[in-house]
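Student: Structure for this input, please:
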Amino acid sequence: MSTLDDLAEALAEDVLKAVDKLGDDQIIQDVAVILAATSTPTEEAFLGAVRVRQAERRGREFLTSYIERAIKERSARGPT
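Tutor: The predicted model follows:
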């Protein structure tokens with residue numbers, strides 16, 4: 001990975017932690033605006049890293065709920 005990607009990934013992780021702690025996802029756009037003013041490639045790498053992490057989080061949440069639902073359905077059917 002390049003220095004740009006490494007820095008964007010680290011910043012994305014920190015910003016998403018702040019979003020979780022503060023409950024305000026506007027911070028993502030605020031940071032992106034600051035980055036865009038000085039480095040468009042950094043802004044793009046940051047937003048890409050944020051999107052990847054948010055997608056992965058949604059995927060894990062779906063998987064967890066899917067597994068829980070499947071276990072409940074099996075339990076409701078009883079032993080086979």
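
Student: ok, the most centrally placed residue in the chain - contacts?
Tutor: Residue closest to the average C-alpha location in the chain (Cα atoms, centre = their mean): residue 54, at 2.3 Å. Applying Cβ atoms under 8 Å, 6 or more residues apart in numbering to residue 54 gives the contacts residue 16. (Glycine included, C-beta is placed from N, CA and C.)

Student: That one: which element?
Tutor: If you go by DSSP states H and E, residue 54 is part of helix 40-77.

Student: State the phi and psi torsions of residue 25.
Tutor: phi -80, psi 0 (degrees, to the nearest 10).

Student: how near is the closest residue to it other than its chain neighbours to residue 72?
Tutor: Among residues not flanking residue 25 along the chain, residue 19 sits closest, at 5.1 Å (Cβ to Cβ, 6 or more residues apart in numbering). According to Cβ to Cβ, to the nearest Å, residue 19 stands 31 Å off from residue 72.

Student: same thing with residue 46?
Tutor: Residue 46 is 39 Å from residue 72, by Cβ to Cβ.
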